[in-house]
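S.K.: this one's structure only:
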């Protein structure tokens, strides 16, 4: 069966009989084993997508809606020429003795054709633009009229702005004015002593206290109206800015590259929900279809364009969106087996690599054919967000699954060093060198920001196909070697890992034993006492 990391069997569409490796795979060196004189079925030699071919074994019984950023024209918004604002009080006379000239000190202002040229949001979280397909609107550039910014929820934005005054504007006997900002007719900020000249109004550090943000993760779209006054009573319109899309995040983004598109999608999905991870998870599942045979996308955000993903895509994407709005998140793989020497050891059904069964969603609609039975997989990828597991592919918190060979004990490469049973001179001795017992179970392995194609190559995956009827414990045959200083009279069986013979000399003995197979090895230190009867 061709898989890209997970595989369904009886419960859904059938695929080819062997998995395929994403990226480069290397077939491991075969283990040499025998037991009961029976040979197991050879595993396909060529690796395929999603896993690697296991070595042959002989076995014995002894796991915004897209926020397109409000597409805007990015041109300067201009207001119609304002009415004259002028104080026509009588010109004051110079009161100095003997003076014969009069000087006007009364402000005289006539604003014509103003336009909001730039609005820059300060102290926001830096974001990078992402691709085309309207994903880069509004532009995330300093000096843009149409602007966007990401803030931690409940934060108070600050802005700088430059408002150009059109030709014919008159600004006399005044250098500072009061500017206010409205959003939908509601005042959201005011700046005293803003610099004003015949050509521009320069506003710096205006605190938008009325846009102090949401107390939940969401996005808001604001079109700001700018006004200026000299006397504090009469306000002259300076026009409207473009669209200002503000994203309110849980905290500072934890992802290395903060993409505007990821924040836009995550905040649109969250939209004020009290369960932000759950809302993002459900939002992803509502717009992306699930196909266990799909290829893994190197860039998780492209899944929104594809509209289809494998579990790895869902896990990678949910992790990215959660990180983008300030959560601590990582990907998690689970499979049926255990970890050993840095590898994921899949203890699978013979021939088809399936090691998980009944991987269940909470809603049967997410099961194969909408039935009551869950999925059979080789592995499944989910996310851990602020410590809690979230499965985007099956749209559920946590997971529910069983290991095909759950509860069985497997002896593989790792040894159980320590003291062996004592021997006596002149008495026959026969002892198997103990190996560490591994219990087959649904096993979680934590990864970083993404599970990549390299997660399935020969360096960290080993699949052992075991007949379901095989009894526990399952002793996997490996290569053995013993070091020097074995008790006199004892021999080491390198095929079976046994010490046999009749000791001839009493004493205390320390020696090493090494196992090897599939390109791996393990060494254990053992102690043995030989006494005289």
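M.R.: That came through, no problem. Please read these numbers as outputs of a predicted model, since none were measured by experiment.

S.K.: pLDDT-wise, which helix or strand of the chain ranks last?
M.R.: strand 85-86 (a mean of 35; mean pLDDT, DSSP states H and E).

S.K.: and the next helix or strand past it?
M.R.: Downstream of strand 85-86, the next assigned helix or strand under DSSP states H and E is strand 108-110.

S.K.: which secondary structure elements does the longest strand anywhere in the chain sit against?
M.R.: Taking DSSP state E as the criterion, the chain has its longest strand at strand 236-249. Using 3 or more C-beta pairs under 8 Å, 6 or more residues apart in numbering; DSSP states H and E, the elements in contact with strand 236-249 are strand 77-78, strand 115-122, strand 147-152, strand 158-164, strand 218-229, helix 260-270. In short, each C-beta sits where N, CA and C put it, glycine included.

S.K.: could you redo the last one with a cut-off of 10 Å?
M.R.: strand 77-78, strand 115-122, strand 147-152, strand 158-164, strand 176-183, strand 218-229, helix 260-270 (3 or more C-beta pairs under 10 Å, 6 or more residues apart in numbering; DSSP states H and E).

S.K.: and the residue nearest to the spatial centre of the chain, helix, strand or coil?
M.R.: Residue closest to the average C-alpha location in the chain (C-alpha atoms, centre = their mean): residue 319, at 2.3 Å. Classification of residue 319 using DSSP: H, G, I helix; E, B strand; the rest coil returns helix.

S.K.: wait, it sits on residue 389?
M.R.: No. At 11.5 Å, residue 319 and residue 389 do not qualify as touching, with contact defined as C-beta atoms under 10 Å.

S.K.: what sits in contact with each of those two?
M.R.: Residues touching both residue 319 and residue 389 (C-beta atoms under 10 Å, 6 or more residues apart in numbering) are 332, 382-383.

S.K.: wait, which of those residues is closest to residue 265?
M.R.: Closest to residue 265 out of the shared contacts of residue 319 and residue 389 is residue 383 (15.0 Å), distances taken as C-beta to C-beta.

S.K.: adjacent strands (with direction) for the helix or strand the closest one falls within?
M.R.: Per DSSP H and E, residue 383 falls inside strand 380-385. Looking at strand 380-385 with DSSP bridges, its partner strands are strand 329-340 (antiparallel), strand 388-391 (antiparallel).

S.K.: figure out how far that strand is from the centre of its chain.
M.R.: From the chain centre to the centre of strand 380-385 is a distance of 8 Å (C-alpha atoms, centre = their mean, to the nearest Å).

S.K.: do the same with stretch 255-270
M.R.: For stretch 255-270, the distance to the chain centre is 11 Å (C-alpha atoms, centre = their mean).

S.K.: per-residue confidence averaged over that stretch?
M.R.: The average pLDDT for stretch 255-270 rounds to 94.

S.K.: in that stretch, which residues are buried?
M.R.: Along stretch 255-270, these residues count as buried under the neighbour rule (16 or more other C-beta atoms under 10 Å): 255, 258-270.

S.K.: mind listing what residue 448 touches?
M.R.: 319, 330-331.

S.K.: and of those residues, the nearest to residue 497?
M.R.: Once C-beta to C-beta is applied, the member of the contacts of residue 448 that ends up nearest residue 497 is residue 331, at 37.4 Å.

S.K.: neighbours around the closest one, how many?
M.R.: 26 (other C-beta atoms under 10 Å).

S.K.: so how far is residue 390 from it?
M.R.: Plainly put, residue 331 is 11 Å away from residue 390 if you go by C-beta to C-beta, to the nearest Å.

S.K.: what's the overlap in contacts for these two?
M.R.: Each of 314-315, 318-319, 382-384 lies in contact with both residue 331 and residue 390 under the rule C-beta under 10 Å, 6+ apart.

S.K.: so residue 238 makes contact with residue 226?
M.R.: Yes. Between residue 238 and residue 226 there is a contact under C-beta under 10 Å: 4.0 Å.

S.K.: what's the overlap in contacts for those two?
M.R.: Contacts common to residue 238 and residue 226, judged by C-beta under 10 Å, 6+ apart, are 77, 79, 114, 116, 161, 163, 179-181, 201, 203.

S.K.: where does pLDDT dip in this protein?
M.R.: For the chain, the stretches flagged by pLDDT under 70 are 1-104, 132-143.

S.K.: mind redoing it with 50?
M.R.: Scanning the chain for pLDDT under 50 picks out 1-5, 7-101, 138.

S.K.: next up, the contacts around residue 345.
M.R.: 54, 63, 335-339, 355, 410, 412-413, 438, 440, 443, 461-464, 476.

S.K.: how many neighbours does residue 158 have?
M.R.: Per other C-beta under 10 Å, the neighbour tally for residue 158 reads 17.

S.K.: would you mind confirming that it is in contact with residue 119?
M.R.: No. Using C-beta under 10 Å, residue 158 is not in contact with residue 119; the gap is 11.2 Å.

S.K.: identify the contacts common to these two.
M.R.: Contacts common to residue 158 and residue 119, judged by C-beta under 10 Å, 6+ apart, are residue 206.

S.K.: got a list of what residue 324 touches?
M.R.: 125, 127, 150, 247, 249-250, 253-255, 257-267, 280, 301.

S.K.: now do 6 Å
M.R.: Applying C-beta atoms under 6 Å, 6 or more residues apart in numbering to residue 324 gives the contacts 253, 255, 262-263, 266.

S.K.: residue 519 versus that one, what's the distance?
M.R.: Taking C-beta to C-beta, one finds residue 324 at 39 Å from residue 519.

S.K.: circling back: return the member of the buried residues of stretch 255-270 nearest to residue 489.
M.R.: For these, the nearest to residue 489 is residue 255 (64.0 Å; C-beta to C-beta).

S.K.: in a helix, the closest one, correct?
M.R.: No. Counting by three-state DSSP, residue 255 falls outside a helix, being coil.

S.K.: my guess is it meets residue 322, correct?
M.R.: No. The criterion here is C-beta atoms under 6 Å, and residue 255 misses it with residue 322 at 8.8 Å.

S.K.: hang on, the earlier thing: buried subset of the contacts of residue 345 as a ChimeraX selection?
M.R.: Here is the ChimeraX command that picks out the buried ones among the contacts of residue 345, judged by 16+ other C-beta under 10 Å:
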select :54,63,335,336,337,338,355,410,412,413,438,440,443,461,462,463,464,476
